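K.L.:
what would the 3D arrangement of this be:
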Amino acid sequence: MPSRIQAIYENGVLKPLQKLALPDQQRVEIFVLADDIPSSLIAEIAEQAGSYNFLNHSDEDIYTIEDGEGID
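P.N.:
Reported below is the predicted structural model:
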């Protein structure tokens, strides 16, 4: 199961900031996210991950008068 781990890169080694519940020799896959990721890439990754799927639900009507008053 995926989990989010924060680490520091130092002298060629990634050092986790917390203890990991992994057995020795466990293979993992690491995605490095820089602070300057373009928002378009973040949106694309979110879409691929299904983050916007709730918008396709028939009960999800986010653009109605019931959502609140318009801004003049």
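
K.L.:
C-alpha only now, for contacts and for neighbours.
P.N.:
OK.

K.L.:
state the pLDDT value of Ala46.
P.N.:
On pLDDT, Ala46 comes in at 86.

K.L.:
OK, contacts around it?
P.N.:
Applying Cα atoms under 8 Å, 6 or more residues apart in numbering to Ala46 gives the contacts Tyr52.

K.L.:
got the CA positions of stretch 49-58 in PDB?
P.N.:
This file holds the C-alpha atoms of stretch 49-58, laid out as PDB (Å, rounded to 0.1, in the frame of the first residue of the first chain):
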ATOM      1  CA  ALA A  49      -4.900   9.300  -9.800                       C
ATOM      2  CA  GLY A  50      -8.700   9.800  -9.900                       C
ATOM      3  CA  SER A  51      -8.800  12.900  -7.700                       C
ATOM      4  CA  TYR A  52     -11.500  14.500  -9.800                       C
ATOM      5  CA  ASN A  53     -13.700  11.400 -10.200                       C
ATOM      6  CA  PHE A  54     -16.200  12.800  -7.700                       C
ATOM      7  CA  LEU A  55     -17.100  15.500 -10.300                       C
ATOM      8  CA  ASN A  56     -18.600  12.800 -12.500                       C
ATOM      9  CA  HIS A  57     -21.100  11.700  -9.900                       C
ATOM     10  CA  SER A  58     -24.700  12.700 -10.800                       C
END
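
K.L.:
avg pLDDT for that stretch?
P.N.:
79.

K.L.:
equivalent analysis for stretch 4-12, please.
P.N.:
Rounded mean pLDDT across stretch 4-12 is 88.
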